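Participant: let me see the structure of the following:
(chains A and B)
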Amino acid sequence: MGEQPGLDVAVCLARVRERDEDAARALVEHLYPLVIKIVRAHLPRRLDEEDLAQEIFMKVFANTAQYRGEVPFEHWVSRVAVSTCLDRLRAQKRRPEWRWADLSEGEAEVLDAVLHNEAEPHPSHAADAGELVSKLMQTLSPEDQLVIRLLDLEERSVAEIAAQTGWSQTLVKVRAFRARRKLRKQLEELEQQKRHE
Amino acid sequence: MSEPKDNWQKLARLARQAPQPSAAEVPFGFATRVAARWASSESPAPSAWEVWEQFSLRGLMLASVLVVAVAFTSYDLATPGWTQAYTMADAVVDPIFEE
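Facilitator: Got it, this is the predicted structure:
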């Protein structure tokens, strides 16, 4: 199973609108890699990725009548997936506050290297850096998390993010600027905590 | 690159090199489960036009029944000429039968 390169999405979609279960199954298999990538990137804490993917597909099928074909179907599905993830992130109102003592040994080493070494840290620390970044991003609002993930981690362009989220390019830039400022402030605070230890 | 303001970008650059999760394979039975759940869910809610259309049809049927009923019960009032002719004929015929 996996992505079906030969699938005619338009035909499949028309059959789904007539409530054809086989067509729905084929569409799920075709879109799964796209949806799960978005889910994994934005997965709220303590939430099962399969449950969230299923919720996204149910929303897609329930709203197929609203798809007018103005953009490729995959783009429309991406937007549904992103907005569903944002809703779930918003539901998790409480955001953690990390202290130096909360970091794992690897995360603390990476942060130390980033803060104090002139040179770029060794790529062997990449996994710990990924964990640390995830932790830091949990302190941001869902919208800020989305922008930073797409812009700084997935290296998407501002235009792409605007298309995926429905926000204006100016709004994307403003959110990115504010979110980066918060993240830098957090790094400074963690550094100060380490000094006081 | 030693300025504090660049630390976030430095960390992000390193995080981008982190190993990505394995390729997304559809879990066994996932597509079937989703399709079955969708198929067993209720039909989508009717649009405002569909509701209006259904309401109008019912209204039309009820109105037709009422028109027929009214026409049936007030036939005499609706056709006074015919009733008068009938009454006159009755008046002529009755004495013949009475003889």
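Participant: what about the helices in chain A?
Facilitator: For chain A, the helices defined by DSSP state H cover A:9-17, A:21-42, A:49-62, A:73-91, A:105-116, A:126-137, A:142-148, A:158-165, A:169-196.
Participant: quick one: is the longest one near chain B?
Facilitator: What it means is helix A:169-196. Yes: residues of helix A:169-196 are located near chain B by C-beta under 8 Å from any C-beta of the partner chain, namely A:180, A:183-184, A:187-188. Placement of C-beta: from N, CA and C, glycine included.
Participant: relative to residue A:119, which of the residues you listed is nearest.
Facilitator: Comparing those against residue A:119 with C-beta to C-beta places residue A:187 closest, at 17.6 Å.
Participant: related to what we said a few turns ago, so for residue B:73, which of the helices of chain A sits nearest?
Facilitator: Among the helices of chain A, helix A:9-17 sits nearest to residue B:73 (C-beta to C-beta), with 48.9 Å.
Participant: how big is the angle separating that closest one from helix A:21-42?
Facilitator: 110 degrees (axes from the mean of the first three to the mean of the last three C-alpha atoms, to 10 degrees).
Participant: are any of the residues of helix A:169-196 next to chain B buried, and which?
Facilitator: Neighbour counting by 16 or more other C-beta atoms under 10 Å in any protein chain shown classes A:180, A:183-184, A:187 among the residues of helix A:169-196 next to chain B as buried.
Participant: wait, isn't residue A:53 in contact with residue A:31?
Facilitator: No: look at residue A:53 against residue A:31 with C-beta atoms under 8 Å: they stay out of range, at 9.5 Å.
Participant: and the longest helix for chain B?
Facilitator: If you go by DSSP H, chain B has its longest helix at helix B:48-73.
Participant: report the closest residue of chain A relative to chain B.
Facilitator: Nearest residue of chain A to chain B: residue A:130, at 3.3 Å (C-beta to the nearest C-beta).
Participant: rewinding a little: could you dump the residues of helix A:169-196 next to chain B to a markdown table with pLDDT and distance to residue A:15?
Facilitator: Formatted as a markdown table, the residues of helix A:169-196 next to chain B follow (pLDDT from 0 to 100; distance: C-beta to C-beta, whole Å):
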| residue | pLDDT | distance to residue A:15 |
| --- | --- | --- |
| A:180 | 94 | 45 |
| A:183 | 93 | 46 |
| A:184 | 92 | 51 |
| A:187 | 90 | 52 |
| A:188 | 89 | 56 |
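Participant: how many neighbours does residue B:57 have?
Facilitator: 10 (other C-beta atoms under 10 Å in any protein chain shown).
Participant: next one, pLDDT for it please.
Facilitator: Looking at residue B:57, its pLDDT stands at 84.
Participant: what's the answer for the one 5 residues further on, then?
Facilitator: At residue B:62 the predicted local distance difference test score is 90.
Participant: also residue B:99?
Facilitator: For residue B:99, the predicted pLDDT is 63.
Participant: so residue B:36 makes contact with residue A:21?
Facilitator: Yes: contact criterion C-beta under 8 Å: residue B:36 and residue A:21 qualify, at 6.9 Å.
Participant: if I look at residue B:31, how far off is chain A?
Facilitator: Using C-beta to the nearest C-beta, to the nearest Å, residue B:31 is found at 4 Å from chain A.
Participant: for residue B:13, same thing?
Facilitator: To chain A, residue B:13 is 7 Å away according to C-beta to the nearest C-beta.
Participant: which helix or strand contains that residue?
Facilitator: Element membership of residue B:13, judged by DSSP states H and E, is helix B:7-15.
Participant: between helix A:105-116 and that helix, find me the angle.
Facilitator: Angle, helix B:7-15 to helix A:105-116, by the same axes, to 10 degrees: 130 degrees.
Participant: may I see the buried residues of helix B:7-15?
Facilitator: Neighbour counts over helix B:7-15 (16+ other C-beta under 10 Å) mark B:7-8, B:10-15 as buried.
Participant: what secondary structure does the closest residue to chain A within chain B sit in?
Facilitator: Residue nearest to chain A within chain B: residue B:18 (3.3 Å; C-beta to the nearest C-beta). Taking DSSP: H, G, I helix; E, B strand; the rest coil as the rule, one finds residue B:18 in the coil state.
Participant: verify the stated contact: it with residue A:126.
Facilitator: Yes: if you go by C-beta under 8 Å, residue B:18 and residue A:126 touch, sitting 4.3 Å apart.
Participant: thought residue A:168 was touching residue A:162?
Facilitator: Yes: assessed by C-beta under 8 Å, residue A:168 is found in contact with residue A:162 at 6.3 Å.
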